[in-house]
Structures are given as C-alpha cells and as structure tokens.
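S.K.: next one to model:
(chains A and B)
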There are 2 protein chains.
Amino acid sequence: MQSNRLNLGIDPWLLTENDFDPSRVKSSESLFALGNGVMGGRANFEERYSGPSLQGNYIGGVYYPDKTRVGWWKNGYPEYFAKVLNAAFWIGVDVRVDGEELDLAQCEVKRFYREMDMRRSVLTRRMTVVLKNGAEVEVEAVRFLSLARRELGVIRYSVTPVNRDAEITFSPYIDADVRNSDANYDEKFWEPVRTEEDATQSRTRKSGFEVAWAQAVALDGAQFACETVPEKPRRTATVRCGKGTTATLYKYTGICSSLNHRPEELSAAAQAVAADGLQAGFDALVKEQEEAWAARWHRCDVVIDGDDAAQQGIRFCIFMLLQTYTGVDTRLNIGPKGFTGEKYGGVTYWDTEAYCLPFYLSTAGQEVARELLVYRYNQLDKAIENAAKLGFKEGAALYPMVTINGEECHNEWEITFEEIHRNGAIAYAIFNYIRYTGDRAYLAEGGLEVLLSIARFWAQRITWSEARQQYVMLGVTGPNEYENNVNNNWYTSYIACWCMRYAAEAAAWVRENRPEAYACICAKRHFDESAETARWMEIVDKMYLGEDRERGIFLQQDGYLDKEQVLVSELDPAERPINQKWSWDRILRSCFIKQADVLQGIYFFQENFDLETIRRNFRFYEARTVHESSLSPCVHAILAAKIGEAAKAYELYLRTARLDLDDYNREVEEGCHVTSMAGSWLAVVEGFGGMRMADGVLNFTPHLPEAWRSLAFRVDYRGRILTVTVTHEGVEVRNEGEPVEIAIGGERRRLPDDRR
Amino acid sequence: MQSNRLNLGIDPWLLTENDFDPSRVKSSESLFALGNGVMGGRANFEERYSGPSLQGNYIGGVYYPDKTRVGWWKNGYPEYFAKVLNAAFWIGVDVRVDGEELDLAQCEVKRFYREMDMRRSVLTRRMTVVLKNGAEVEVEAVRFLSLARRELGVIRYSVTPVNRDAEITFSPYIDADVRNSDANYDEKFWEPVRTEEDATQSRTRKSGFEVAWAQAVALDGAQFACETVPEKPRRTATVRCGKGTTATLYKYTGICSSLNHRPEELSAAAQAVAADGLQAGFDALVKEQEEAWAARWHRCDVVIDGDDAAQQGIRFCIFMLLQTYTGVDTRLNIGPKGFTGEKYGGVTYWDTEAYCLPFYLSTAGQEVARELLVYRYNQLDKAIENAAKLGFKEGAALYPMVTINGEECHNEWEITFEEIHRNGAIAYAIFNYIRYTGDRAYLAEGGLEVLLSIARFWAQRITWSEARQQYVMLGVTGPNEYENNVNNNWYTSYIACWCMRYAAEAAAWVRENRPEAYACICAKRHFDESAETARWMEIVDKMYLGEDRERGIFLQQDGYLDKEQVLVSELDPAERPINQKWSWDRILRSCFIKQADVLQGIYFFQENFDLETIRRNFRFYEARTVHESSLSPCVHAILAAKIGEAAKAYELYLRTARLDLDDYNREVEEGCHVTSMAGSWLAVVEGFGGMRMADGVLNFTPHLPEAWRSLAFRVDYRGRILTVTVTHEGVEVRNEGEPVEIAIGGERRRLPDDRR
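M.R.: The predicted model follows:
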C-alpha cells in the first residue's frame, strides 16, 4: 500500500520509498531525516548528487546571528535573527566505478529502495544503477546518528558490481565549506580554523562556536591516500571487485562542538569519537542503537489497530520528536523543523510549551520535561531585558517570539511585539508540568521567578479604560495570526488573568512551604508579594473579557462580529488556502481563523467550562477556521472528541497525523513540521485516549474512532509506565510501576503494580 | 543674523552660509540643492571633495525598480520599489593648483561663503583656500540649472592665485559610474551604453531609460586634452596665472533622457544642448534664468513684514516647490524630497493631492495644477490593476501609496494595503481643483472616470455589520500612522462617503452636460449609473461614523477612548520624539497622534462643521498630537487660526516654515521635506491669510500674527494675479486681471482690474 503524493510505502514501523524520482528528492530528504536529539540532518545522499537537493546537517545549539532583513525598520526590532547553521557535510563518500562518478542524476537507476526503520533510527538505501560506462552496480548505504554516543555518525557503504568486474574508488570526506540557503545577505556563516588529516575544525562568525569533524574509515584490503585541502579532509582508496563481490566502506564520523569541549581539544575529541567508533565496529554500534531506541519506544509507543496509515502517521510523529529532542541539554529546544530543514531559523517558539511539553512530559519522563522549563528559566533575565527594551519596568518579562539564546530574533511588529500570549503558554507549561508530575517544588526552584516576572508583564501591559471602567488589553495578536493588532483578544486576556492568579497562588505556596527559597526570590526579584499580588487580583477582577451573550460564545476580539460572517464551508475551494490566494488585508478583514484562538484557551482550561459552552464555542469558531497552521487541527480534534463530535475529530486528526507524509501543504521539501507532530500525539492521546489531569489524578475518557479496532498507548506517569488499551468495549490500563490512583471516565481506580 | 543649528544667514531672498564646517556639508548639500522642475541635484562641490558627502543628481521620471526588501513577505506585496536614480555627476571640475588637487577636506579654508539666490535659482560659492603647497587661491563657483532650457546645466568656475603666480589645471568631466546609496542590495542601477569625446550615455538596468550627458567647455587661452574613459569623458587644460589674475572655466552640460528623445539621438541632443549653451554664453543664460524666475515669483511671492526668519522660511519653501515641479510634464510629480536626496525613493505620495496641489493651483495656474490630476488619470488603469491584485473587482481603483509609474511600490501591509484614505485625497484633489478653477469640464475629461473607480473601491471595501446594522470600514490605517489596522477610522470613512457622494454628483453633471463624454465613459468603464450610485448612496446613508457625544468629538477610530488619555503636554520631553524613544507597540497603544487625522478631515471639509465643533475636535486631538510628521503642524496651524487660537497657530507655523532651515528633525542631511513645504505655504495663505473657497468665490478672512506688521501674498485666481495685503488694520486685494468677485471676511466684493 502506498500513500498518494509522495509514493511512500505504508508500514507500521517503516518509512519506505520504492522508486527514484528526482522531483521528490528534496521532500524525501526532509522525511528521511536523522537525528539523535543533539544533532541531525537531512537524508542527503552520501555520494555526489548533481540534481536538486537541499544540503542540511545541523548541530543543536550552534547558531549564527544573521543580520536582520527588514523592509521598514520599527523601534524595538532585534539586530539579528539567529539561525541554526547548516554545518559541515560529514556524510560525504564520493564513489567512482571504473573511474566514473556515481551520481544518481547522471546514470540509470534501475531499482531504488529507501527505508527509515523508525524502531531504531537507521536509514538504509539500496539501489541498482547502470553508469554511462556500462557498469551496473548494486549499492547499499546504511547510516545512523548514534543515540548511545551523541557525537558519532556511522555509515556503511557497499558497492557490488553486477555485470562485470570493476574498480571501485571510495573517497570518504568531510566538507566544511558550506552555506545556509536562507542566509539573509548571502554571507558565509563559517570560517575555517584548521584542517588536518581526517579532521577539520571551523568557527562560526560572530557567535564564535567551534566544531570539529573527524572521520575514521575502513575498507577491507585497501590503502587510503590522504588529502588535506582546507575545510575538506578526504581519503581515497580503490579496490578491484570481482563481479558479484562487494566492497564495503565503513565511515565513522566524530562531531564535537565547543558547547561540550574546549576549542583547543575539539579536533582531538572528534578524532577520538571516530576512532572509538571504528574500534567498536559497525555491528556493535547498530546493536547499541537498537537498544537505546527500544528503551525509548517502550515508554511512548502508540498502537493503532485497523488503520495502517494512521499507525504509520503517529509513529512517524513520535519518531521525529524523539529524534529532535531528548532533554539531555538545557541549552537545546525543539525547533519547528527539528533537524529536517533550515526554515524558521531560530529554534524556540511557543510551540514548545503549548504542544511539545505535554508529549515529553508523558513519554520522556519528568526530568526531560523539566529541562524544557529550565531552558526558559535560564533565559529569564534575557526576557526581562527584552521587556525593558519595549519600555516595561520593574522586572517584567516578555519571552521572545523566536529565540535560541533568550534574545528576541523575530522582526515583524505585529508578532514580535504583539503576539504576547506566548508569555501565557510559558507560564501554563509550569502549571501543566506540576499538575502532571506533582513536583510543586519546582516553583521554589525557578517556577515562581518566571511566573511573577510574567505576571508583572501583564500587569503593565493592560490599560485602564476610563470609558469602560474596566481593564483592557490593547494592540495584541492572538494565536490566530490572521488578525493583527486587535484589542481584547479573549485568549490573551484570559491567559493573562490566569497567569496573574497562578503567580499569586505560586507565591503563597512557596512562602508557606519553602520559606528560605521565598526569601531569596523576594530579595533577588525585588518581589513585594502583598502589594503586587493585590494589584494582580484587582486587575483580574476588573478585566474585560468579551462575550456574545446571544450566541453564548466568547468574543475572539473587539469587533469580531462586525466582520462578514461567512463559514469555511461556503468558501470556494479555489480560494484556498487563503494565505496563498488572498492579499493580507483581505485575510485580516475576513472572519477566517488560522488556528485555534478562543479554542486554544478553552483547550488549556477545559475544566473551567461546561460542555455546552465548549460545544457552542467549538461550533462557532471551528466553522470559521481554515486550519492553515499545522498546529491547528490537533487542538480542534481534541475538543471535537470531548464534545462527542467523533467524525469531526477523526477528520481533523487525519489532517495532522500525516501532514508531512502526505505533504498536504506541499512544502515538505523545506523540512517537516516537527512541533506540530506533538499536536498529533496530543490528538491521539488526549483526544481519542481522552487523557487529562483532573482533580489531581490522571483520567482517561476515551473516544475511539469508528475506523479503529483498538488504540493502545504508553505514558510515563509519575515514574510508572502505563499502557492504556482502548477498544470499543472499554479501557484497560496496565501499570509497570508502584501502585497508583488514576481515573477512567471520571471514576477513580487504584492500579496495582502489574509487573509482579 | 544667523539661525542656530546650521549657522545659516537670515536674509529675505538669500540662503547664505559664511563658514566651512565639514560636519555640515551634507546638510548644506540638501538645503542649497538646485532644480528646474525636470531635473535637479544636491549642492555637491564641483571640485573633488574627499570629506563626507552624499552625491545626488536626479532626473525626473528616470527610475530604477529596486528589488523589494522585506522581512516577512505578505501576499500582495510588490516585487520592486521604484527609486529615483542618482544619475551621472555632471558638475565635475577637478582643479589642480601647481599640480596639487584642490580639495576642501585637504587644505586650509580661510574664507568660505555660499549663497543661493532664491530670486533666480543661482548657486554661488566663494572661498579663499591655502593648499599644502603654499599656494593661496580665491575660488568662485557659480552654478544653475536653466529654467529656460530644461536640459542645460551651467557652471562658471574661477580661480585666482593670491600669493604667487600659479599653474591652474582644470579637468571638467562627467562621471556616469555612480550608485544609489540606498540601493536595497547594493546593486548598480546603471549600465554604460557608450562614451565618446565629451559625452557619455547610460541605460538604467531593468527599466531601460537612457540618458546622455555632454559637456562643452571654454577656458580663455587654453587648449584642452581629451580623455574618453568609459562612463567618464574628461578634458584637461592648464593655464598659467599671474598672481591676482583669474582663470575662468565655463562648463555647459546637456542632459537629455529617453523620456524626451529617441535613444539613438540622445548623445547628439545632449551635445547640441551643451553647444548651444556655450554659444549663448554665460551672461545671456543668467539673464534668461533671471527672467524665467522673475515670472515665477511674480505669481506667488509671499512678503512678511517684521519677521525676517519667517520671511526667509516661506520664501525657501516656495522656492523649493518651484524648483521641484513646474507642471511641464504629466509623467512627473513631486517627491517628498524633491531633488534634494534619495530617501523615500518612489516619487508620488498622497502629499501631492493633499498638500501640494493647492499650492500649484494658486501659484502656477490652472494648467499646471491640472497636470497633477492628469498624472493620476493616466495611472487609473494601473490603480484598477492594483486593486484587482488585492481582490477588488469591477473596475475598482486603489491608487498606490507610493508610485512612480502607477504601480504600487510600498511594502508594509499596514500602509500599502490599509492606508487607503489616499484614494480619498485623490478624489478630493479633483473637487478642489474644480472648486478653485471652475473647470467642471474636467469631470468629463478624466475626473469622472477616476471618481467612479474610487467610489467603486469604497463600495467594496466597506463591510455590512450585522451586529451594528450599519456599514463599517475594517482594517485601515488613517493619516495618523501611529495607529495601524484599526476599524472605523473616522477620517477614512468620512472621506469614503464624501467620495461616493461626489462621484454620484459628478456622474449626474457629466450625464446632463456632456452626454457624449458620458456615453463614452459608461461604455469604457462599464458604468451603470443608476444602480451604482444607488448602491453608493445606500452605503453613505448607513455608514457608521464614530462620535463621542459627551465630548462632542468625532472618534478617531473604534476603541480610541479605551486608551489611556494622556496629553502631549504631560509627556516627559526626554521621551520625545516618541518615534525614536518608544517601541512601536507602545506607540500604537498610546493615544498619541502623529499627524492630523480627524482634523485632516475637518480641514478638508471645513464648511460642513460649525466653529464650535471644529474647536472641540481641535482642542481634543491637537492636545494628543506629537506632530512627528512634517505634514502635521500646517493643518493644525490653519485650523488654529480659524478658531481664533492665534498663539497656537503661530507656534505651529514656526514648526513648519523653517523645519529644514533650522533642521528641527536633525535629518536634513538626507534631503529637504519638499512636500511639507507646500503645507507651510498653506499655513500662511489659508491660515493667516484665511483664504478659502466658499460658496463659489474665493474668500479671505485673515488672522495676522501679532509679531508681523503685514503679510502680503499673491495668488493666481482664475487667470488673475491677486495681491492680498493683510495688515492689523485690514485687508487689501489688488487684482491684475479682469474684474472678479471675491469675498473678504465673508462679504462679497467685486474687484476691478487694477492694472488700468
């Protein structure tokens, strides 16, 4: 069975491709990307390829502050946009057969098979090609980034002449002379430091990161000649191969950065990693890889019975998330494209808190999720500086819209300065984490500082309206970016109030339970709890939150009902997506919504609304939502499942889980929508699985789609691995861990330890 | 007497500078700029100057479509931003004294005097300098762009050795190898076509304009050697000069463009212009220049008795406007910086209709003003295309925010797509022209087509609000650009209604009075008068126009009164200008107003409001206006005068009339604020002179500032030159022309022909 557009095979654990189509090379480079949480790269070919391709190898945390490009400068814009760098092409293996370069763009490809084994993150390519000189060869290339050894990349590259004896020449190399295709001013971001035999080291301009790459290669019975061109260490060996016999090159690449090593030791470190890889050998490394990945999957697999496409879709989402972030380093985060492309440059968006955190919280364990909170805690002072630049005072914090090191990178006033609801999501993540893990102590260890700084921001960002005798929130952009610079966006105002209330609660808890930490925080942050929280509560009490009583809905923003009320179902399909077909002002004037906005708030704070209210708002707003953000369908799917709109939930889920595999948006060439994959997981686990923390316990109220026989998923809940199996008959939960209380459909139940 | 900042002399007719300060060179280059309505340039030195300088020579209508630079692309943005080109440096005269280059940055300047004689547009520079080799010389350089011969530039350059005999070497040259300093991607905009003896021809890339420059030079008793380096034709001659004797070079440059010549004839044409100049001789050309300028000034001089600074200020404004535009070519228009700098690139903004048209209407005569209307008429089809790109249908026109050839150049969504009130100003200009001239026939000859196309735009741009049961205008930016993407901007909605009403009236008039033209227009524009005008009137009837009844003011936009109401007088001066001190979002959230918005509407449509209403709105809005646009104070000065706030009117006038001479905004280096100079003229003539068309006649209700003994101004009114003299005792009007009815203080009076 094959999916349509990209001609990918459908299989529960494998991503496969069965033919070679140059027009799909870039798409496949994104989809077959490899990553081990600290580095990754697109599925470029090892051997030379002269057809269209987007080279991409990325090292988490190594970035370049590219000079801002802007049409009309506005006060407050940042000077640079931090970009994850396209780093050295470490996978290079030039191959010649009887002297002719192997290049799929230049020879006949008789057979082509590519496979990503998602169970273990190993990329395999097998093909039979006929070169212009008549030589026919079978090629197998196997590649992975070691999860057990985070600085190691491994390649096995085999060539077998099929129709005659042949001389096979392998030239494994590293090429550090690379550029970013999205550089704003076509600058080169790297400068060479030194190149020696088998190793090269480069430094990023301006940001001064250094990285060394070293290769160790082996090829039975061959002697390598060595070249040391600057930035391009390279070896070459030729073997004579009888027809039907195989020449196999092994290449182990060490990739070490100054994030983890002293610059002067980098080259030696990379050489050591490569040499250790060579020493361990390919088979042992594969075994390590399998074990490391099996441990991962054990905590987070989702099994859908009766729908292979959905099964593959969700596994692909989980797989990509696991490849992107593993929580080993608080300097890292989850970029919208992960390690699959350059687009969106800077790494961290509110996607992390709103979508990704719950995934890691439930699948990678408390410590990993906590790293994501600590990332923002570490950037708190930068967020305070950022707010100060915009005129806020007294320790108010505005987290950046896009960042890699805590500094704002985004430069579009209606987003950078106005899409401030991101501050709410960052506070909400703390709440969400504590609710799930019970780790209230985090409030004393960083959480409260972040919360009070955010609350201070909101308290300054509101305006007292003499006219209304209420507080209003002027000039914001909500999650629905198809509205800019609106007043009283309901979601933003609601989450602002929630933040101020939660910060006040958190302060009280820390004061009562961690008096020493409390004293420290008060001193460090000049926090006057009683005065500040009194002010916050006064604002919360008098905050204007729009509502349309007649329709029984919350009002997305002032004036929303002045718009022509048209439903998406009434839109001519030829006009969609409107972000490609309509001018920006027309989109802004229309009632059409890009992604959940009021409904994002209702999703976050479900407990605060009765089902009827949720239903009324869902029906009103979803009908006006074009879902032109990859982050949109998942939230809607969850709410649809909750209010019993099963068909709608399923329809929306399908738009999210195979978004990239089926390339709905025709842009997978640029990279995969990694953060929205967390949304797909949410749709399955929170939507169909009905998982939700409520009243202090984890509750499951499943809504299994008709089309599925069963759904099983695993979550890590307070140190236990729970396996939840949902069938049309009911729910079963297996607990690997200490006994724990949960709820099913609202009914509490104590789970014994099922390991015994 | 000298003004402060720039150390300029104050004189009613002269702009003078008495010392040499390298830090002021760029400012003076702007202020002493020359122009003859079709070309112009900054007051760069003829001889080499190695200090900081901004070279600028511009040819009206010759532009380059520079690739758009934008941070985040929005649908509907144009591909390019048309820029007036920095053209060849035609004034070049390298001078050597005993072999040493004359360069003011490299020698001792003992005396320096620069003068622009505004009466005749002749720039003179006199200086005494001591070169490093000890030679002391007196230099006089006189330059002008002929108003009588629009393709001719004239230079007389004299050098007199003072302390010894010396060899003086002159190398007059043209340098066509020039760049724009504001190129978006540092591209060169010109490519050479050919260079021959004394002439060179270049072509603009992409836009394909061609221009040839040719020089004809004379130097008594000297033989010139000729060089023909590509793009740089050059002659060199050396003369021996006894101490105290003068060597004088004459240089006549012909500058011809493909706007007026066939490309293959350009070089010959330029050479002919130069040769004719040489033939006529310097003195005759100066005489022509004096006569041509005297004729200009005769129609438009303003005399302020008792305030030399104000006198010089207003003369400078008028002078710059006369240098910039003379109405000889409908392809030309008035750029914000005229010929004084590159900034703002593309030429035409709504400044032309809102500010400049009344000036030319009253000072240059009906035909010249009409050219400005025809300019927009000629671009109507482009405006319809522009609207179609944004999704408007059926011949609706949206004129561009910035243009040079009718295509939109601006790329900032909140302006490009939303500052649509510009359409209103373009319609208003037609009304204003007809009201002043009585030339209703223009409706049949272009006016109606423009009006109905604009009315169609408004009729599609409004939205029926079910919630209000009224029409609303969503997502606009008013003249006050410190608010973006607001709903129901009063000014925009008001002028939209006025446009629809006026278009309907115009249609009726043409139908009744020019039936043939009417039939043509209906056919050409698919105009169904009864259906369309019925729709327009229905919209006008049901349009929402915000008002605050309690305060008795029109509401700038929805939600304006939700803002914190702070007055400009309460702003800490250290926070001003807010556009430099505050982040953009803070400006947007504040109540502060950049320039007249509600008051712009009240100014345009004064007759529709009683004095009390004008006073209430003025007092409310002016108190919140920071006047951070050069176009702001003038409108306020006029209204202040009208409502009897004499001191306020005078204070506001002072901010506009000497804006550049006193460099209030510290940016005159980039060029002068040419379009706002028309505002200064309006402030004098409409504000203090109280000139206004009312009930079909020109009325004067003066408000003479205390500080002035008298104010006299001339206007061209329906073919008569009226000289209006205002004293504290009363008003006198002298009429050079046929008898005509006017009004003074609302009382009608018949003016005889005073020539007899």
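S.K.: quick check: the residue of the stretch 351-500 of chain A nearest chain B.
M.R.: Among all residues of the stretch 351-500 of chain A, A:Phe417 sits closest to chain B, at 3.5 Å; criterion: C-beta to the nearest C-beta. C-beta: built from backbone N, CA, C; applies to glycine.
S.K.: hmm, that residue is touching B:Asp585, no?
M.R.: Yes - when contacts are counted by C-beta atoms under 8 Å, A:Phe417 is listed as touching B:Asp585 (3.5 Å).
S.K.: so A:Leu266 touches A:Gln201, yeah?
M.R.: Yes - the criterion here is C-beta under 8 Å, and A:Leu266 meets it with A:Gln201 at 5.7 Å.
S.K.: now do the shared contacts for the two.
M.R.: Here A:Leu266 and A:Gln201 have A:Glu210, A:Val211, A:Ala212 as joint contacts, going by C-beta atoms under 8 Å, 6 or more residues apart in numbering or on different chains.
S.K.: up against chain B, what does the stretch 301-450 of chain A have?
M.R.: Proximity of the stretch 301-450 of chain A to chain B, by C-beta under 8 Å from any C-beta of the partner chain, involves residues A:Lys389, A:Leu390, A:Gly391, A:Asn411, A:Glu412, A:Trp413, A:Glu414, A:Phe417, A:Glu418.
S.K.: what do you get if the cut-off is 10 Å, keeping everything else the same?
M.R.: The stretch 301-450 of chain A has residues A:389-392, A:410-418, A:420 near chain B, with proximity defined as C-beta under 10 Å from any C-beta of the partner chain.
S.K.: got a list of what A:Val229 touches?
M.R.: Residues near A:Val229 by C-beta atoms under 10 Å, 6 or more residues apart in numbering or on different chains: A:Tyr173, A:Asp175, A:Asp177, A:Thr195, A:Thr200.
S.K.: out of the residues you listed, which is most surrounded?
M.R.: Within the contacts of A:Val229, neighbour counts (other C-beta atoms under 10 Å in any protein chain shown) peak at A:Thr200, which reaches 30 neighbours.
S.K.: helix, strand or coil for it?
M.R.: Look at A:Thr200: counting by DSSP: H, G, I helix; E, B strand; the rest coil, its state is strand.
S.K.: quick check: it touching A:Glu191?
M.R.: No - counting by C-beta atoms under 10 Å, A:Thr200 does not reach A:Glu191; the two are 11.9 Å apart.
S.K.: residue contacts, the closest residue to A:Tyr717 other than its chain neighbours?
M.R.: Counting by C-beta to C-beta, 6 or more residues apart in numbering or on different chains, A:Leu698 is the residue found nearest to A:Tyr717 once chain neighbours are left out, at 5.4 Å. Contact analysis of A:Leu698 by C-beta under 10 Å, 6+ apart lists A:362, A:435-436, A:691-692, A:715, A:717-718, A:720, A:722, A:724, A:733, A:740-744, A:751.
S.K.: from these, which would you call buried?
M.R.: Neighbour-count burial (16 or more other C-beta atoms under 10 Å in any protein chain shown) applied to those gives A:362, A:435-436, A:691-692, A:715, A:717, A:720, A:722, A:724, A:733, A:740, A:742-744, A:751.
S.K.: one step back: any idea which of the shared contacts of A:Leu266 and A:Gln201 is closest to chain B?
M.R.: Nearest to chain B, judged by C-beta to the nearest C-beta, of the shared contacts of A:Leu266 and A:Gln201 is A:Val211 at 28.7 Å.
S.K.: what's the least confident helix or strand in chain A, going by average pLDDT?
M.R.: One helix or strand of chain A scores below all others by mean pLDDT, DSSP states H and E: strand A:8-10, with a mean of 83.
S.K.: who are the packing partners of it?
M.R.: Contacts defined by 3 or more C-beta pairs under 10 Å, 6 or more residues apart in numbering or on different chains; DSSP states H and E place strand A:8-10 against strand A:14-17, helix A:25-31, strand A:108-117, helix A:308-324.
S.K.: for chain B, what's the nearest residue on the stretch 1-150 of chain A?
M.R.: Closest to chain B within the stretch 1-150 of chain A is A:Gly76: 3.3 Å, counting by C-beta to the nearest C-beta.
S.K.: what residues are up against the nearest residue to that residue once chain neighbours are set aside?
M.R.: Residue nearest to A:Gly76 in three dimensions, not counting chain neighbours: B:Ser583, with 3.3 Å by C-beta to C-beta, 6+ apart. Shown in contact with B:Ser583 (C-beta under 10 Å, 6+ apart): A:Lys74, A:Asn75, A:Gly76, A:Tyr77, A:Lys389, A:Leu390, A:Gly391, A:Phe392, A:Trp413, A:Thr416, A:Phe417, B:Arg589.
S.K.: list the residues that contact A:Phe527.
M.R.: Shown in contact with A:Phe527 (C-beta under 10 Å, 6+ apart): A:Gly395, A:Leu448, A:Glu449, A:Leu452, A:Ser453, A:Arg456, A:Ala507, A:Tyr518, A:Ile521, A:Thr533.
S.K.: in TSV, list these along with secondary structure, distance to A:Ser257 and neighbour count.
M.R.: Output for these, formatted as TSV (DSSP: H, G, I helix; E, B strand; the rest coil; distance: C-beta to C-beta, whole Å; neighbours: other C-beta atoms under 10 Å in any protein chain shown):
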residue	secondary structure	distance to A:Ser257	neighbour count
A:Gly395	coil	33	20
A:Leu448	helix	33	25
A:Glu449	helix	29	24
A:Leu452	helix	35	29
A:Ser453	helix	31	25
A:Arg456	helix	36	26
A:Ala507	helix	39	24
A:Tyr518	helix	39	21
A:Ile521	helix	34	22
A:Thr533	helix	44	20
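S.K.: sorry, back to before: between A:Phe417 and B:Asp585, what contacts are shared?
M.R.: Common contact partners of A:Phe417 and B:Asp585 (C-beta under 10 Å, 6+ apart): A:Lys74, A:Asn75, A:Gly76, A:Leu390, A:Gly475, A:Val476, A:Asn485.
S.K.: which one of these has the most neighbours?
M.R.: Tallying neighbours with other C-beta under 10 Å puts A:Gly475 at the head of those, with 28 neighbours.
S.K.: that residue touches A:Leu390, doesn't it?
M.R.: No - using C-beta under 10 Å, A:Gly475 is not in contact with A:Leu390, being 11.6 Å away.
S.K.: between those two, which contacts overlap?
M.R.: Common contact partners of A:Gly475 and A:Leu390 (C-beta under 10 Å, 6+ apart): A:Phe417, A:Ile420, A:Arg461, B:Trp584, B:Asp585, B:Arg586.
S.K.: okay but the third one is in contact with B:Arg589, surely?
M.R.: Think A:Arg461. Yes - with contacts counted by C-beta under 10 Å, A:Arg461 reaches B:Arg589, the gap being 8.7 Å.
S.K.: ok, these two, which is more surrounded?
M.R.: Applying other C-beta under 10 Å to A:Arg461 and B:Arg589 shows that B:Arg589 carries more neighbours, namely 26 against 23.
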